[in-house]
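*Asks:* For reference, the sequence and a predicted model appear below.
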Amino acid sequence: MAADLPSAVLFACTQNVIRSVMAAAIMQHLYGHKVYVASCGVKPGERDPFVTAVMEEIGMDVSKHRPQGFDDLEDSSFDLVVSLSPEAHHRALEMTRTMAIEAEYWPTLDPSLAAGSREQILDSYRDVRDQLYTRIRKRFGSVAARGV
């Protein structure tokens, strides 16, 4: 059973260009009217056009996303930090030492490591997107069940 919705969630990964971007967009889409959602990375990287493409496939626009680091966050008042890479989880655990914040680790493969044709690479991004969507729905509950 899903837990109550936190009021503010931060998704974090290594560069804030793939996994945390997808997760934040999905969370915002499903629960954004009730939850403040942000994303960051340990070391901000360059935007990834594959992320924009696979998120557009499900009607989510992330084209305006600008990668940012933990230190770039305007607000650090989160109830929950969900880290999607080992590096990000280390930073999330550091946050729990000085703030009243929960940290969860959702190990998520980095689809940028995929090789093959453009379509095979896109498939690896779609797999990560779909896994995150499923995990978010499972963790925070279905929109219909919440009357959201």
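*Replies:* All right, it came through fine.
*Asks:* Report the residue spans of this structure with pLDDT below the cut-off.
*Replies:* 1-3, 143-148 (pLDDT under 70).
*Asks:* Just want to check the distance between the residue in it sticking out farthest from the centre and Ala100.
*Replies:* Relative to the mean C-alpha coordinate of the chain, counting by Cα atoms, centre = their mean, the farthest residue is Ser117 (25.6 Å). Noted for Ser117: a distance of 47 Å to Ala100, by Cβ to Cβ, to the nearest Å. All C-beta atoms are positioned from the backbone trio N, CA, C, and that covers glycine.
*Asks:* same check, this time on Gln131
*Replies:* Taking Cβ to Cβ, one finds Gln131 at 29 Å from Ala100.
*Asks:* Show me which of the two is the more surrounded one.
*Replies:* More crowded of Gln131 and Ala100, by other Cβ atoms under 10 Å: Gln131, with 16 against 8.
*Asks:* for the more buried one, helix, strand, or coil?
*Replies:* Using DSSP: H, G, I helix; E, B strand; the rest coil, the structure places Gln131 in helix.
*Asks:* Skipping adjacent residues, who's closest to it in space?
*Replies:* Nearest non-adjacent residue to Gln131, counting by Cβ to Cβ, 6 or more residues apart in numbering: Thr108, 7.0 Å away.
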